[in-house]
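Colleague: my questions are about this predicted structure, shown below with the sequence.
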Amino acid sequence: MGMKTYERNAPLMQNIHYFLKWTLISGFIGLIVGLAGGVFGKCVSFVTKLWTGHPQVVFLMPVAGLVIVALYRVAHEEKNRGTDMVLEAISSQEEVTVATGPLIFAATVLSHCVSASAGREGAALQLGGSLGNLIGKVIRLDEKDKKIAVMCGMSACFSALFGTPLAAGVFSMEVVSIGVMYYAALVPCLFASFIGAAVSGRMGLVPDHFEVGLVPEFGIQGAALAVLLGMLCACVGILMCTTLHKSGHCYRKYFPNPYIRVLAGSVIFIALTLIFKSRYYNGSGMHLIERCFEGESVPYYAFLMKIVFTAVALGAGFKGGEIVPALCVGATFGYLIAALTGMPVGLCSAVGMASLFVSVTNCPISTVFLAFELFGFEAMPYYAIAVAVSFTLSGYYGLYSSQKFVYSKIRTEYINRKSN
């Protein structure tokens with residue numbers, strides 16, 4: 001009788017053990033990674049103010065590029081695949097190296113210092129994943145639990161930088177294998193994410209938030225706008241992913257030496273900066289996003305130029321991420337659609353950002369949460385429909401070549417293929 005009672009209660013005891021165990025571990029990871037993410041965010045904010053106040057620092061790009069290449073070479077991390085390596089560490093047996101964290105921290109700060117068109121979240125995923133893996137090693141987690149620790153670190157650092165704990169908590173579970181989520185990491189990732197955001201908030205980092213402004217009552221016209229933006233943003237997302245991947249291939253083909261490659265990229269980037277004197281396309285793109293929501297003038301071709309500037313910088317070897325530039329592309333494309341349709345600029349920019357984000361990351365659940373946290377809940381039907389359409393029509397393209405599509409987007413069919 002006693003043995004039967006024990007066997008019946010065993011799953012419950014295992015769940016309680018899991019919950020207590022990961023409450024402690026995720027809390028610790030959230031605290032450590034939140035501190036690291038807060039310091040990283042402060043550094044990025046400082047160097048961003050530096051280049052906006054002294055735009056001539058762009059001429060130091062060759063120096064910064066050479067330093068970045070040298071850092072990776074000295075650490076024997078020339079073949080470090082960045083975010084793709086972190087994703088492989090979760091889906092397979094690849095190891096996130098200890099050097100990944102400090103290297104991406106320094107390289108991203110250097111890239112932002114000279115106004116390279118790069119984001120923060122790629123660095124956040126690598127920094128957080130590296131720290132999560134290191135903590136998992138120190139406390140001697142097994143291989144399966146170490147994968148959860150990596151995801152916790154990714155969520156905590158993403159949340160610390162953007163102040164979007166709900167989206168960050170789900171993103172690291174959703175981005176690895178499209179069609180299958182790692183639900184065993186739900187509690188750990190959400191706990192680490194909220195703690196990371198709280199820690200960085202105490203350090204003075206302000207969460208990103210944009211005022212959408214006028215939101216027309218949702219009806220046939222609103223649904224048509226959401227579908228249209230979703231369809232068009234899927235195409236723009238494919239263009240962006242293709243351009244970023246092709247630029248990297250072209251750089252490696254014509255400039256196999258990484259030092260020459262980064263110098264060539266610096267020269268091209270400086271030339272583009274001199275041609276487009278506004279400096280709209282330098283840096284992560286947050287300043288351009290703010291212009292869209294504030295109703296200030298933005299060139300109608302801004303989304304195309306942001307893709308070009310980002311491809312030139314990241315393909316050459318500068319470090320950072322692609323997601324903030326992608327959000328910038330979405331906002332500026334939404335601005336263009338608003339001008340063509342007469343719909344509110346803020347709404348179109350917000351829907352464009354959400355649609356572009358899902359088209360390049362293939363994470364619809366995270367995207368909807370991100371939209372709510374960045375823009376509020378008022379325009380919920382617009383975000384939901386546009387995200388669904390953009391996700392479906394963007395096919396199997398994505399920013400991360402290690403991302404797997406376990407199930408088809410259009411059929412209940414197992415396909416298990418990597419992104420284009």
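Modeller: Cool, got the structure.
Colleague: which stretches of the protein have low pLDDT?
Modeller: Applying pLDDT under 70 to the chain flags residues 1-10.
Colleague: what's the single longest helix in it?
Modeller: With residue count as the measure and DSSP state H as the assignment, the chain has helix 2-53 as its longest helix.
Colleague: now for that one, which elements pack on it?
Modeller: Applying 3 or more C-beta pairs under 8 Å, 6 or more residues apart in numbering; DSSP states H and E, one finds that helix 2-53 makes contact with helix 100-113, helix 121-138, helix 143-162, helix 186-202. Where you see a C-beta, it was placed from the backbone N, CA and C, and this is true even at glycine.
Colleague: mind doing that once more with 10 Å?
Modeller: Under the contact criterion of 3 or more C-beta pairs under 10 Å, 6 or more residues apart in numbering; DSSP states H and E, helix 2-53 touches helix 100-113, helix 121-138, helix 143-162, helix 186-202, helix 286-293.
Colleague: contacts only, for residue 160.
Modeller: Contacts for residue 160 (C-beta atoms under 10 Å, 6 or more residues apart in numbering) come out as 30, 33-41, 124, 127-128, 168, 192-193, 195-201, 203, 205.
Colleague: go again using 8 Å as the cut-off
Modeller: Going by C-beta atoms under 8 Å, 6 or more residues apart in numbering, residue 160 touches 33-34, 36-38, 40-41, 124, 196-197, 199-200, 205.
Colleague: ok, residue 358 next?
Modeller: Going by C-beta under 8 Å, 6+ apart, residue 358 touches 237, 364, 367, 387, 390-391, 394.
Colleague: can you confirm it is in a strand?
Modeller: No - if the criterion is DSSP: H, G, I helix; E, B strand; the rest coil, then residue 358 is helix and not within a strand.
Colleague: nearest spatial neighbour of it, chain-adjacent residues omitted?
Modeller: Leaving aside its sequence neighbours, residue 358 sits nearest to residue 367 (C-beta to C-beta, 6 or more residues apart in numbering; 4.1 Å).
Colleague: ok, the one you found touching residue 354?
Modeller: Yes - under the criterion of C-beta atoms under 8 Å, residue 367 makes contact with residue 354 at 5.5 Å.
Colleague: looking at those two, which one has more neighbours?
Modeller: The residue with more neighbours, out of residue 367 and residue 354, is residue 354; 32 against 29, by other C-beta atoms under 10 Å.
Colleague: what about the residue nearest to the more buried one when sequence neighbours are not counted, which SS state?
Modeller: Excluding its sequence neighbours, the residue lying closest to residue 354 (C-beta to C-beta, 6+ apart) is residue 371, at 4.3 Å. Put simply, residue 371 is helix when judged by three-state DSSP.
Colleague: these two touch, right, residue 371 and residue 383?
Modeller: Yes - under the criterion of C-beta under 8 Å, residue 371 makes contact with residue 383 at 4.1 Å.
Colleague: common neighbours of the two, please.
Modeller: Common neighbours of residue 371 and residue 383 (C-beta under 8 Å, 6+ apart) are 350, 354.
Colleague: the residue nearest to residue 358: helix or strand, and which one exactly?
Modeller: helix 364-375 (DSSP states H and E).
Colleague: now the common contact residues for residue 367 and residue 354.
Modeller: Overlap of the contact sets of residue 367 and residue 354 (by C-beta under 8 Å, 6+ apart) consists of 383, 387.
Colleague: alpha carbons only: can I get stretch 131-150 in PDB?
Modeller: Output in PDB follows, covering the C-alpha atoms of stretch 131-150 (Å, rounded to 0.1, in the frame of the first residue of the first chain):
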ATOM      1  CA  LEU A 131      27.200  33.200 -18.500                       C
ATOM      2  CA  GLY A 132      24.300  30.700 -18.100                       C
ATOM      3  CA  ASN A 133      26.500  27.900 -19.500                       C
ATOM      4  CA  LEU A 134      29.400  28.900 -17.100                       C
ATOM      5  CA  ILE A 135      27.100  29.000 -14.100                       C
ATOM      6  CA  GLY A 136      25.700  25.600 -15.100                       C
ATOM      7  CA  LYS A 137      29.300  24.200 -15.200                       C
ATOM      8  CA  VAL A 138      30.200  25.700 -11.800                       C
ATOM      9  CA  ILE A 139      27.200  24.200 -10.100                       C
ATOM     10  CA  ARG A 140      27.700  20.900 -12.000                       C
ATOM     11  CA  LEU A 141      24.500  20.600 -13.900                       C
ATOM     12  CA  ASP A 142      24.100  17.700 -16.300                       C
ATOM     13  CA  GLU A 143      24.000  18.300 -20.000                       C
ATOM     14  CA  LYS A 144      20.200  18.600 -20.200                       C
ATOM     15  CA  ASP A 145      19.900  21.000 -17.300                       C
ATOM     16  CA  LYS A 146      22.900  23.000 -18.700                       C
ATOM     17  CA  LYS A 147      20.800  23.800 -21.800                       C
ATOM     18  CA  ILE A 148      18.100  25.200 -19.600                       C
ATOM     19  CA  ALA A 149      20.700  27.300 -17.800                       C
ATOM     20  CA  VAL A 150      21.900  28.700 -21.200                       C
END
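Colleague: if anything else comes up later, I'll come back, but that's it for now.
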